[in-house]
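**Student:** Mind folding the following:
(one chain, ligands or ions: 1)
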Amino acid sequence: LNIDREQINCFVEAIRDNTGTDLSEYCGNTLSARISHRLSQIDLDPDSYLNFCRNDPDECQTLVDTIAVNVSWFFRNPIVFEIIAQTILPRLIAKTKTIRVWSAGCAGGEEAYSIAILIRDLLNSLPNAQPQALVFATDIDQEVLAKARTGYYPQKSLSDVKMRFVEECFTPKGDGYLVRPSVREMVRFSTDNLLNDQTIAPAESIFGSFDLILCRNVLIYFSAERIKKVIHKLYESLATGGYLVLGESEDISRDLKARLNTVDRRNRIYQK
Ligand SMILES: C[S@@+](CC[C@H](N)C(=O)[O-])C[C@H]1O[C@@H](n2cnc3c(N)ncnc32)[C@H](O)[C@@H]1O
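**Tutor:** The predicted model follows:
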């Protein structure tokens, strides 16, 4: 189903009026695709659905949740985590007293916990004085953050986790797995809107200076103009020498290419 720009604007308006969530700077194609997805579930044409949404805050909230897809899993795209474990973290551990990581758009926390698992593993292998590590994880969606804080996941979220890590970092519980306290205590979850111009890093982190920022599969939601602004915000939040990791179909804007070293082009890893 094709939804034109004018209809998209009407949906954005209905969502704003009914939920207070402003999606006006989201990418038109993403909005159109996600609204179409919802339409196919409920079997309505765009105009009837729009009228329905205008009078139904619950449906507007469902639509917001449908648009901000928060699908994630542990060690999503394992090669990226392999590079982080083999190259990036050892370098950071060698030079930093407190390693600061930001998982921006963390969904259910799988990415943040995956990084914590790798850091914990490396630190455990060090004989002497150990650096500290803090992983800040933020999302716009409070419901998904509440889930992240429980640290409880279905088995299918763990399908890319090495057996050794499953045994060392998770406790089986019911049908799923619970992240162990030694990993959980490294991660702090908080609400943050990446489109908020007022802040650089999440307030909870006491501002910026991150050694590693992961912002993967989040920029796909935003308009080109916004992507540029968000990437600048991430750049400003990085410490000198810090690393930025984007999702596999996401790229930095041209003006930042000159200021960031490309560590791995295919895997979208950059260094300030
Ligand atoms: C597909 S998930 C990505 C999760 C994880 N980074 C990964 O790659 O598996 C995208 C997340 O971005 C969040 N998001 C969308 N818009 C956002 C915004 N303006 N600020 C912060 N997070 C946002 C969504 O709520 C969702 O949880």
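
**Student:** for Gly247, what are its contacts?
**Tutor:** Contacts for Gly247 (Cβ atoms under 8 Å, 6 or more residues apart in numbering) come out as 215-220, 268. Where C-beta positions appear, they are placed from N, C-alpha and C, glycine not excepted.

**Student:** for the residue nearest the centre of the chain, phi and psi?
**Tutor:** Nearest to the geometric centre of the chain sits Gly105, at 2.5 Å (Cα atoms, centre = their mean). With angles defined as degrees, to the nearest 10, Gly105 sits at phi 80, psi 60.

**Student:** which bits of the stretch 51-200 of the chain sit near the ligand?
**Tutor:** When proximity is defined as Cβ under 6 Å from any ligand atom, the stretch 51-200 of the chain approaches the ligand at 68-72, 76, 105-107, 111, 139-141, 144, 193-195.

**Student:** Among the residues you listed, which lie within strands?
**Tutor:** When DSSP state E is applied, those are split such that Asp139 fall in strands.

**Student:** From Ala68, how far off is Leu195?
**Tutor:** Here Leu195 is placed at a distance of 12 Å from Ala68 (Cβ to Cβ, to the nearest Å).

**Student:** likewise Ser103?
**Tutor:** According to Cβ to Cβ, Ser103 stands 16 Å off from Ala68.

**Student:** Name the residue in these two with the higher neighbour count.
**Tutor:** Ser103 (30 against 20; other Cβ atoms under 10 Å).

**Student:** Among the residues of the stretch 51-200 of the chain next to the ligand, the buried ones, what's the ChimeraX command?
**Tutor:** Provided next is the ChimeraX selection string for whichever of these are buried by 16 or more other Cβ atoms under 10 Å:
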select :68,70,72,76,105,106,107,111,139,140,141,144,194,195
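
**Student:** Return the subset of the residues of the stretch 51-200 of the chain next to the ligand lying in helices.
**Tutor:** 111, 144 (DSSP state H).

**Student:** Pretty sure Phe210 sits against Ile200.
**Tutor:** No - with contact defined as Cβ atoms under 8 Å, Phe210 and Ile200 do not form a contacting pair (10.1 Å).

**Student:** quick one, which of these two is more surrounded?
**Tutor:** Phe210 (24 against 17).

**Student:** number of nearby residues for Glu110?
**Tutor:** Close neighbours of Glu110, defined as other Cβ under 10 Å, add up to 23.

**Student:** In contact with it, which residues?
**Tutor:** By Cβ under 8 Å, 6+ apart, the contact list for Glu110 reads 72-74, 76, 153, 157.

**Student:** Relative to the ligand, which of these is nearest.
**Tutor:** Using Cβ to the nearest ligand atom, Ser72 is the member of the contacts of Glu110 that lies nearest the ligand, at 3.2 Å.
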